[in-house]
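# Turn this into a structure:
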Amino acid sequence: MPLRVGFDLDGTVADMYDALHREAIKLFGEEALRKAAYKAKKPQEVRGEQSNKKESSEPEPEEDATTTVAMQELHLTARQQMQLWDHVKKVENFWSTLPELEPGIISRIAKAARERRWEVIFLTTRPATARHLVQLQSQQWLEAHGFQYPSVYVVQRSRGKIADALHLDAFVDDRPENCLDIAVESKAKVILIWHGDLKDVPAGAKRLGVRPVNTISEALRILEQLDDVRNQPGIMKSIKRAFGSGVDL
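Okay, the predicted model is just below:
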């Protein structure tokens, strides 16, 4: 049977921070961003704390968790974040403008899926922006980077239940809470794209068998190994599992 794999988009294969930084410069100017960054801690420290939500007396911008982390890395005030998000919502086809987190990674995923006959599904919680629907923008983005005829689901509910309903074998995401949800609610092997020090990965994720890696390239390598083990004769698969192959997540 073909491997059924799910991928998150923003923070996993698409660079949300770069796109927001570009729009923030247009809105506030480079000098304002430099001053904000100077007063704040380093971006990687924010990434390492992405599972901890800060309390604030100011209202928070309307975004999903991935967008919130990217916003925090710009070191803007809550009010500035809201202004930036209001601006982004007016940008036509904003989701089509994001760069890849790793140049060429979408083509690599497409090549692996084509050669290994994987069934690949992309999930996202992206909110609406001007012009095309989020689903269409996301499909256009994936096609522009080398993945033909992509399946994209814009979701709001539990990813774990979705992974279970779709009978996914593996899922790749950059949010620890999403990974935990998928690990608990489905049988999918879960790979966490962690943008900080791997020593800082939440202990709960490790206990549930979530495999943390720093890059999507590493995640793709693990998926290929998982696929190789699945396609081996049953006895060889049992031996690998018994003695450990570094493949089981």
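# For this protein, name the helix or strand with the lowest mean pLDDT.
helix 43-48 (a mean of 46; mean pLDDT, DSSP states H and E).
# got the contact list for the strand or helix carrying residue 177?
In the assignment (DSSP states H and E), residue 177 maps to helix 176-185. Residues outside helix 176-185 that contact it (C-beta atoms under 8 Å, 6 or more residues apart in numbering): 8, 50-51, 65, 158-161, 163-164, 171, 173, 188, 190-192, 201-202, 204-205, 208-210. All C-beta spots, glycine's among them, are computed from the backbone N, C-alpha and C.
# how does it look with 7 Å?
With C-beta atoms under 7 Å, 6 or more residues apart in numbering as the test, helix 176-185 has contacts from 8, 51, 158-161, 163-164, 171, 173, 188, 190, 192, 202, 204-205, 208-210.
# Sitting in strands, which of the residues you listed do you find?
8, 171, 173, 190, 192 (DSSP state E).
# Now do the same contact list for residue 89.
129-130.
# three-state assignment of the residue lying closest to residue 171 once chain neighbours are set aside?
Distance criterion C-beta to C-beta, 6 or more residues apart in numbering; nearest residue to residue 171, sequence neighbours excluded, is residue 6 at 4.2 Å. Following DSSP: H, G, I helix; E, B strand; the rest coil, we place residue 6 in the strand state.
# Run a quick neighbour tally on residue 6.
Residue 6 has 25 neighbours, counted by other C-beta atoms under 10 Å.
# show me what contacts it?
Shown in contact with residue 6 (C-beta under 7 Å, 6+ apart): 121, 123, 163, 168, 171.
# out of the residues you listed, who has the most neighbours?
residue 171 (30 neighbours).
# wait, isn't that residue in contact with residue 188?
Yes: judged on C-beta atoms under 7 Å, residue 171 makes contact with residue 188 at a distance of 4.8 Å.
# between those two, what contacts are shared?
Shared contacts of residue 171 and residue 188 (C-beta under 7 Å, 6+ apart): 163, 182.
# Next, work out how far apart residue 75 and residue 11 are.
18 Å (C-beta to C-beta, to the nearest Å).
# Which of these two has more residues huddled nearby?
The neighbour comparison of residue 75 against residue 11 (other C-beta under 10 Å) goes to residue 11, with 23 against 20.
# So what's the residue count around the nearest residue to that one once chain neighbours are set aside?
Nearest residue to residue 11 in three dimensions, chain neighbours excluded: residue 174, at 3.8 Å (C-beta to C-beta, 6+ apart). Neighbour count of residue 174, defined by other C-beta under 10 Å: 25.
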